[in-house]
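1. below are the sequence and a predicted model; questions follow.
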2 protein chains.
Amino acid sequence: MGFNLSKSLEILERTPDVLITMLQSISTDWTSNNEGGETWSVYDIVGHLIEGEKTDWIPRMEIILSDKLEKTFEPFDRFAQFEGSKEKSLTQLLDEFKRLRKKNIDHLLSKKLTEQNIEEKGIHPAFGEITLSQLLSTWTVHDLNHIAQISRVMAKQYKANVGPWVEYLKILQV
Amino acid sequence: MGFNLSKSLEILERTPDVLITMLQSISTDWTSNNEGGETWSVYDIVGHLIEGEKTDWIPRMEIILSDKLEKTFEPFDRFAQFEGSKEKSLTQLLDEFKRLRKKNIDHLLSKKLTEQNIEEKGIHPAFGEITLSQLLSTWTVHDLNHIAQISRVMAKQYKANVGPWVEYLKILQV
């Protein structure tokens, strides 16, 4: 399917509640451990989603839609959550993500984007020219990417317990 | 972490509501298409989860806990959903999965499993001896595996729309 704003919103609107349903009040064994080394825990991933709401998707949309001549995005800081989430509980992060996402969707809808708007362009620091529809599509897929990652990080906490079934469970092999 | 029944239940109890939150009333563009070839759509995956509730986890637990001498499991039919889901809507499948999962968890709890019970064994047709704790751990990871798969199948529907960001989105590369 091609880019479609209302179909993107079907994903973007649901993600906070999907994460709350998966994670609210669950044992920290599932959420505070990572996949080893410098990988992220569920807690880190939720923090990363919050940083995206604050500094990535909507600020980049604003640059694309602005009248500025210079439309290069700020690079996104993939590690900002280690500072931003400090001393917050997972429940607080989930609430913050839900609140920011709602505000961002309301803001997006207030723009009443036209077919022409979604083909407007900005400059990505690594990729060069990208369109607003590519940015909004990426925002959508990014949610699904991190729901899958959260599922995988949680699954890995049980890897030692499944015995020979590890062979059938692809999620434990990546 | 080692196997822990209450921590497994934290996942098993939530999965139907996670899927309902993700999928209820969403456009069929997200749920009726697959990843190409013989891969499964979201609709197929929900059907597969239902078949697991009917013929896999609890029937195998019953074999392990039984007094039978012959404790070999029936092979699980990975394609049964193509018959079992026929003519049902996704909403019907989600409701059916939720109902069966609730019934199965109630049944599991009614067993009041002891430390000794969870080390009892059955015979897997391919792997040989496995324990009840391995079966219940696999049930848990299997849920997370399919939540990740559903996220990936949905993400793939948008692959053509993200432009150069495909490089940063691991979910589109598997």
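-> Happy to help now that I have it.
2. how many residues are close by A:L100?
-> 18 (other CB atoms under 10 Å in any protein chain shown). (Glycine included, C-beta is placed from N, CA and C.)
3. what residue, apart from its backbone neighbours, is nearest it spatially?
-> A:E53 (3.8 Å; CB to CB, 6 or more residues apart in numbering or on different chains).
4. which other helices and strands contact whatever helix or strand A:H107 lives in?
-> A:H107 is part of helix A:90-110 when elements are defined by DSSP states H and E. When contacts are defined as 3 or more CB pairs under 8 Å, 6 or more residues apart in numbering or on different chains; DSSP states H and E, helix A:90-110 sits against helix A:5-12, helix A:15-23, helix A:42-55, helix A:57-65.
5. what sits up against the helix or strand that it is followed by?
-> Scanning forward in sequence from helix A:90-110 by DSSP H and E, the next helix or strand is strand A:121-124. For strand A:121-124, contacts defined as CB atoms under 8 Å, 6 or more residues apart in numbering or on different chains pick out A:60, A:63-64, A:71-73, A:129-132, A:135, B:164.
6. again, only this time at 10 Å
-> Applying CB atoms under 10 Å, 6 or more residues apart in numbering or on different chains, the contact partners of strand A:121-124 are A:60-66, A:68, A:70-73, A:75-76, A:128-132, A:134-135, A:138, B:163-165.
7. state the mean pLDDT of it.
-> Averaged over strand A:121-124, pLDDT sits at 96.
8. please identify the buried residues of that strand?
-> A:122, A:124 (16 or more other CB atoms under 10 Å in any protein chain shown).
9. circling back: dump the helices and strands packed on helix A:90-110 into CSV; add mean neighbour count and mean pLDDT as well.
-> Compiled in CSV, the helices and strands packed on helix A:90-110 are given as follows (neighbours: other CB atoms under 10 Å in any protein chain shown; pLDDT from 0 to 100):
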stretch, mean neighbour count, mean pLDDT
helix A:5-12, 17, 98
helix A:15-23, 22, 98
helix A:42-55, 22, 96
helix A:57-65, 18, 97
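10. buried residues in the lowest-mean-pLDDT helix or strand in chain A, which are they?
-> Least confident helix or strand, chain A: helix A:81-84 with a mean of 82, by mean pLDDT, DSSP states H and E. By neighbour count with 16+ other CB under 10 Å, helix A:81-84 contains the buried residues A:81, A:84.
11. hmm, the helix of greatest length in chain A in reach of chain B?
-> Secondary structure of chain A read by DSSP state H shows that its longest helix is helix A:132-156. Yes. Helix A:132-156 reaches chain B (CB under 10 Å from any CB of the partner chain) through A:133-156.
12. re the thing from before, using PDB, list the CA coordinates for the least confident helix or strand of chain A.
-> Written as PDB, here are the backbone C-alpha positions of helix A:81-84 (Å, rounded to 0.1, in the frame of the first residue of the first chain):
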ATOM      1  CA  GLN A  81      17.200   8.600  26.800                       C
ATOM      2  CA  PHE A  82      20.000   7.600  29.200                       C
ATOM      3  CA  GLU A  83      19.900  11.200  30.500                       C
ATOM      4  CA  GLY A  84      16.200  11.900  29.800                       C
END
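13. next, count neighbours for the closest residue to A:T15 other than its chain neighbours.
-> Distance criterion CB to CB, 6+ apart; nearest residue to A:T15, sequence neighbours excluded, is A:D143 at 4.4 Å. A:D143 has 24 neighbours, counted by other CB under 10 Å.
14. show me the contacts for A:D143.
-> Neighbouring residues of A:D143 by CB under 10 Å, 6+ apart: A:8, A:11-12, A:14-16, A:18-19, A:49, A:52, A:101, B:151, B:154-155.
15. please apply the same query to A:K159.
-> A:K159 touches A:35, A:166, A:169, A:171-173, B:137, B:141, counting by CB under 10 Å, 6+ apart.
16. let's see it at 8 Å
-> With contacts defined as CB under 8 Å, 6+ apart, the neighbours of A:K159 are A:166, A:172, B:141.
17. for those residues, give me a markdown table that also has pLDDT and neighbour count.
-> Below are those laid out as a markdown table (pLDDT from 0 to 100; neighbours: other CB atoms under 10 Å in any protein chain shown):
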| residue | pLDDT | neighbour count |
| --- | --- | --- |
| A:V166 | 97 | 17 |
| A:L172 | 96 | 19 |
| B:V141 | 98 | 27 |
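18. which one of those sits closest to A:E87?
-> Closest approach between these and A:E87, by CB to CB: B:V141, at 31.5 Å.
19. on the three-state scheme, A:E129 is what?
-> With DSSP: H, G, I helix; E, B strand; the rest coil as the basis, the three-state label of A:E129 is strand.
20. ok, it - contacts?
-> For A:E129, the contact set (CB under 8 Å, 6+ apart) comprises A:121-123.
21. go again with 10 Å.
-> A:E129 touches A:71, A:121-123, B:163-164, counting by CB under 10 Å, 6+ apart.
22. next: A:V174.
-> A:35, A:148, A:152, A:155-156, B:148, B:170, B:174.
23. name only those of those that count as buried.
-> Buried by 16+ other CB under 10 Å: A:35, A:148, A:152, A:155-156, B:148, out of the contacts of A:V174.
24. buried set for stretch A:86-99?
-> For stretch A:86-99, a neighbour-count test (16+ other CB under 10 Å) marks A:88, A:90, A:93-94, A:96-98 as buried.
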